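[1] pasting a predicted model and its sequence here:
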Amino acid sequence: QQQVKQSPQSLIVQKGGISIINCAYENTAFDYFPWYQQFPGKGPALLIAIRPDVSEKKEGRFTISFNKSAKQFSLHIMDSQPGDSATYFCAASLDSGNTPLVFGKGTRLSVIA
Amino acid sequence: DGGITQSPKYLFRKEGQNVTLSCEQNLNHDAMYWYRQDPGQGLRLIYYSQIVNDFQKGDIAEGYSVSREKKESFPLTVTSAQKNPTAFYLCASTLGQGLAGYTFGSGTRLTVV
C-alpha cells in the first residue's frame, strides 16, 4: 500500500527526443506527487510536483501527467538534452506533503548526442 | 545562502564502531528527515522529526539513532547494531504544511572498512 513502483530502471534517449518515466501507486490516500532529479554524488533536487486535482502540470520542458483512476503518474522531458542525464525519482505522500515522502527506486536517464 | 549542510562528505567506519553523521539547516524548516540510498533501491526512510525534541522511526530504523535538540540540527548515529551500514546517507528538510518540497543536503557516503 505504501509502495511507489517506478519504471523503467534505466532509459537511453537521443538528444532532442522525449524521455518518459512512469510511476504507479496503490494507496489512494496519496495526495502529493513530486519528481526529483539527482546528479551523481549530489542530493536530489525537486523538479516538479502535482496534486490529484489536476491531470497535467508543465514547467518548461518538464511535464507531469496524472491519471487518478489508473493510479499512475508520469514525467515527460521534451527535447531531452545531455545535461538532463541524471537519476529521476518519483515520490508520493499523504496529507498534502505533511507525511514523509515514499520514493520510487529511480530511473537512470542517459541522453546521448 | 540558506541550505542544508551534511558532514563529513566521506566517512569510514571500522567494524563495531558507532559513527555520527551531521545535518544542519538554516532554512528555518520544521521537519527534517534521514534517508538511506543504495544502488537500485531508491531512498528509504530511516528517521524523521517534525518538531524539536520529537522524532519517529521510518521504515529501516534498526541500528540507527537520532536526536533533535535544536531546530537546526538533526544528527544521525549509525550504531554497531547496523549490520550493513555502507550506503549514501541523505538528510532533508521541509517547511511542512504541504508548502514546498524537500531540500536535500549533498549527502554523506559511509563505508565500512
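    It's in.
[2] which residue lies nearest the spatial centre of chain B?
    Centrality entry for chain B: nearest residue to the mean C-alpha point is residue B:34, 3.0 Å, by C-alpha atoms, centre = their mean.
[3] could you name the helices and strands sitting against the longest strand along chain B?
    Scanning chain B for the strand with the most residues, using DSSP state E, yields strand B:42-51. On a contact count with 3 or more C-beta pairs under 8 Å, 6 or more residues apart in numbering or on different chains; DSSP states H and E, strand B:42-51 meets strand A:102-103, strand B:31-38, strand B:54-57, strand B:64-66. C-beta: built from backbone N, CA, C; applies to glycine.
[4] please redo it, this time with the cut-off set to 10 Å
    The helices and strands touching strand B:42-51, judged by 3 or more C-beta pairs under 10 Å, 6 or more residues apart in numbering or on different chains; DSSP states H and E, are strand A:86-92, strand A:102-103, strand B:31-38, strand B:54-57, strand B:64-66, strand B:76-78, strand B:87-94.
[5] now do the fifth one: which elements does it pack against?
    Spelled out, that is strand B:64-66. Using 3+ C-beta pairs under 10 Å, 6+ apart, strand B:64-66 sits against strand B:19-25, strand B:31-38, strand B:42-51, strand B:54-57, strand B:76-78.
[6] buried deepest among the ones you listed, which one?
    A comparison of the helices and strands packed on strand B:64-66 by mean neighbour count, using mean count of other C-beta atoms under 10 Å in any protein chain shown, puts strand B:31-38 on top with a mean of 23.
[7] so residue B:77 bridges to which residues?
    When bridges are called by DSSP bridges, residue B:77 pairs up with residue B:20, residue B:65.
[8] quick one, phi psi at residue 109?
    Let's take chain A. With angles defined as degrees, to the nearest 10, residue A:109 sits at phi -100, psi 130.
[9] report the beta-bridge partners for it.
    Here residue A:109, judged by DSSP bridges, has bridge partners residue A:11, residue A:86.
[10] and if you look at residue B:5?
    With DSSP bridges as the rule, residue B:5 is bridged to residue B:24.
[11] let me know how buried it is, in neighbour terms.
    Using other C-beta atoms under 10 Å in any protein chain shown, the number of residues around residue B:5 comes to 13.
[12] thought it was touching residue B:25?
    Yes. Between residue B:5 and residue B:25 there is a contact at 7.5 Å, judged by C-beta atoms under 10 Å.
[13] quickly list what's touching both of these two.
    B:72, B:91, B:105 (C-beta atoms under 10 Å, 6 or more residues apart in numbering or on different chains).
[14] which of the residues you listed are buried?
    B:72, B:91, B:105 (16 or more other C-beta atoms under 10 Å in any protein chain shown).
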